[in-house]
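**Student:** Provided below for reference: sequence and predicted model.
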Amino acid sequence: MASLDNADSQVYDSVKTYYGKVLASSKDLKTSACTAASRPPAKIMSIISQIPDAVTSKFYGCGNPIPLGIDGKDVLDLGSGSGRDCYIAAALVGANGSVTGIDMTDEQLETARENISEYADTLGYQPQMRFLTGYIEMIQEAGVPDESVDICISNCVVNLSPNKKLVLEGVYKALRAGGEFYFSDVYADSQLDEKVRTHDVLLGECIGGALFVDEFEDMAKNIGFATPHVLSATHIQIHDDELLQLVGQTKFYSITYRLFKPNHIPLDITADQQVAAVTYHGGIEGSEEKYVFDADNVFEKNVSAIVAVDTAALMAQSWVAGFFTFKSLAAQGTVAKQATPTAVLMQRAFEESMACGSSSSCCPPKSAESSGCCPPKKTESSGCCPPKKTESSGCCPPKKTESSGCCPPKKPTESSGCCPPKKPTESSGCSTLEVLNTDNDKKCC
């Protein structure tokens, strides 16, 4: 493994200073990049509520890159920071699985390590959880053997690396065949200028190191990963005027990707058959009735779905295979849904973010069924556009006042025509949600 050069060391020093010294908590961030996470599934929300406050208060992330159904698996977290995602994974893998976090920031590692005993009392067993000091470009040197990991996760960290190719190569080596890199990170819709890529605050805020999305996907495939699958995309907002001027017209997104390491085991599914029938049989706690594989493929329990043969083959060779059955089909006019290009998903996320306006940092994506917190867009028929987020509301409109003449009562009814529904609808147009820490002022309704 190549050693660090001077330029790389300068980036590391900048990042370590920002996360170890400058930021006291996630409240100090200047953009939504490190907090642009939609509401996690109810199962994970329940786990987060049991994690020590010292761990959650120093959490920085741009997504929810922790798959369900990983009992007994071996998980690696790149850039584990204070350890929040590792603590979540430890509860999901159970006593028979293991979780390894790797980070280069001493202050964050100290927090992660010193709360394990307290968390073990909460879990009722001693988790197989460890935190290694090291660089994510050199995970083997840090103590992670090749082909020892089922699932690698990472939350808004790869962008901080000055050598992302080394990161992906290390992950590929660490994964077992059929394993995956399931992670959220920040990407740009164009190449970044030098002044953006070298700006200390933009680097620390996960903006300066964002890869052009096309460049990243090509890099992953060249290393050996299967075609990347996008799980979700969220537009990132920059709140600081000076930083906004620096980035110009470039738009940034938090994207959760699934990168699978091919298994190459023999299958009954062949490419010339073009499509396959895939059936989810349940068994994943938290996804009992429905499993979201990516932005295009959502499987209802015990309902056969037509899937492109390459996607079916990838699933059949991966760690999720045990929850599904696969059957090849002759084409005969049957057409599987084509994968939506990443650029299209990004544009949709941007449009939804703009529809939300300044309150977008408080609105979950359309698919976040459990969020129940995003008001619909103003329409001519309703005449009732909710006001911006206030300290008292969290993110829902305040109670009716004499001046507004249009705000909903405490308990909305179907006939009010003015109150945001408990669950977001297709017309909600909201795309991002501030990170849900345990402190009350960060929660959303």
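**Tutor:** Noted; the coordinates are in hand.
**Student:** CA only for contacts and neighbour counts going forward, please
**Tutor:** OK.
**Student:** Could you name the helices and strands sitting against the lengthiest strand in the chain?
**Tutor:** Longest strand in the chain by number of residues (criterion: DSSP state E): strand 175-188. Under the contact criterion of 3 or more C-alpha pairs under 8 Å, 6 or more residues apart in numbering; DSSP states H and E, strand 175-188 touches strand 149-155, strand 211-212, strand 252-260.
**Student:** Let me know the angle separating that strand from strand 252-260.
**Tutor:** 170 degrees (axes from the mean of the first three to the mean of the last three C-alpha atoms, to 10 degrees).
**Student:** Flag the shaky bits of this protein, pLDDT-wise.
**Tutor:** For the chain, residues meeting the criterion pLDDT under 70 lie at 1-38, 265-273, 330-334, 357-445.
**Student:** Let me see the ranges of the strands in it.
**Tutor:** 74-78, 98-103, 129-133, 149-155, 175-188, 211-212, 229-235, 252-260, 275-280, 290-292, 298-300, 304-308, 324-329.
**Student:** the inter-axis angle of the longest one versus strand 229-235?
**Tutor:** Taking the same axes, to 10 degrees, one finds that strand 175-188 is oriented at 20 degrees with respect to strand 229-235.
**Student:** Direction included, what does strand 175-188 pair against?
**Tutor:** Strand 175-188 has the following sheet partners, assigned by DSSP bridges: strand 149-155 (parallel), strand 211-212 (parallel), strand 252-260 (antiparallel).
**Student:** need those strands in JSON lines with mean neighbour count, can you?
**Tutor:** JSON lines is the format used below for those (neighbours: other C-alpha atoms under 10 Å):
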{"stretch": "strand 149-155", "mean neighbour count": "26"}
{"stretch": "strand 211-212", "mean neighbour count": "20"}
{"stretch": "strand 252-260", "mean neighbour count": "26"}
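**Student:** could you say what helices and strands the longest helix seen in the chain packs with?
**Tutor:** Counting by DSSP state H, the longest helix found in the chain is helix 342-356. Packing partners of helix 342-356 (3+ C-alpha pairs under 8 Å, 6+ apart): strand 229-235.
**Student:** Now the strand it packs on - C-alpha only, PDB.
**Tutor:** Output in PDB follows, covering the C-alpha atoms of strand 229-235 (Å, rounded to 0.1, in the frame of the first residue of the first chain):
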ATOM      1  CA  HIS A 229     -27.300   0.800  -7.600                       C
ATOM      2  CA  VAL A 230     -28.700   4.000  -6.200                       C
ATOM      3  CA  LEU A 231     -31.000   3.600  -3.100                       C
ATOM      4  CA  SER A 232     -31.700   7.300  -2.600                       C
ATOM      5  CA  ALA A 233     -30.600  10.800  -3.600                       C
ATOM      6  CA  THR A 234     -31.100  14.100  -1.700                       C
ATOM      7  CA  HIS A 235     -30.200  17.600  -2.700                       C
END
